[in-house]
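*Asks:* dropping a prediction and its sequence here:
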Amino acid sequence: MSSNHIAISLKINAPIQKVWDSLAQWEKQGEWMLQTKVWVTSEITEGVGTSINAFTGVGPLGVLDSMTVTSWQPPHTCDVLHTGKIIKGTGRFHLREISSDTTIFDWSEEVIAPRVLFLAMLPALYIGVRISLSRFARTFR
């Protein structure tokens with residue numbers, strides 16, 4: 001097993017706080033993430049210790065991603081630890097304010113997987129995340 005990095009950044013035409021508030025609504029992420037349903041599994045819904053599940057797939061075929069928030073620094077950074085049976089590693093949402101109405105959204109993951117497997121799934125993963133983040137950005141138009 002090795003640590004494999006993937007990162008995508010995009011500009012969003014919205015104030016940083018508005019972008020953060022939208023990202024922090026975990027269960028609404030399924031509205032812009034491709035083929036994904038997201039739900040909170042802990043009593044707390046924001047901040048360190050929040051537990052979230054995300055199922056990506058069609059019907060019963062897919063992958064369950066369980067994660068726990070490990071860092072919460074509104075409106076800039078949220079880190080998660082992926083704790084599922086299949087998806088392991090860490091993830092980060094980081095927002096950077098460019099102007100009062102422009103934000104850069106940096107998304108990154110460190111995926112723990114055999115390098116060959118990661119490289120095989122990288123094109124589909126990159127395209128899927130890029131489409132999802134673009135859909136998210138469009139919600140601010």
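*Replies:* On my side now, so go ahead.

*Asks:* what comes up buried for the lengthiest helix in the chain?
*Replies:* Determined from DSSP state H, the single longest helix within the chain is helix 115-138. Using 16 or more other CB atoms under 10 Å as the test for burial, helix 115-138 gives 118, 128-129, 132-133, 136-137. Yep, even glycine has a C-beta here, placed from its N, CA and C like the rest.

*Asks:* please apply the same query to stretch 24-33.
*Replies:* Quick answer for stretch 24-33 (16+ other CB under 10 Å): 24, 26, 29-30, 32-33.

*Asks:* and for stretch 9-28?
*Replies:* Quick answer for stretch 9-28 (16+ other CB under 10 Å): 12, 14-16, 19-20, 22-24, 26.

*Asks:* centre of the chain to that stretch, how far?
*Replies:* 11 Å (CA atoms, centre = their mean, to the nearest Å).

*Asks:* and that stretch, how far apart are its ends?
*Replies:* End-to-end distance for stretch 9-28, by CA to CA, to the nearest Å: 20 Å.

*Asks:* same check on stretch 40-51?
*Replies:* 6 Å.

*Asks:* tell me the average confidence for it?
*Replies:* Across stretch 40-51, the average pLDDT comes to 97.

*Asks:* what's it in contact with?
*Replies:* With CB atoms under 8 Å, 6 or more residues apart in numbering as the test, stretch 40-51 has contacts from 24, 26-27, 52-53, 66-72.
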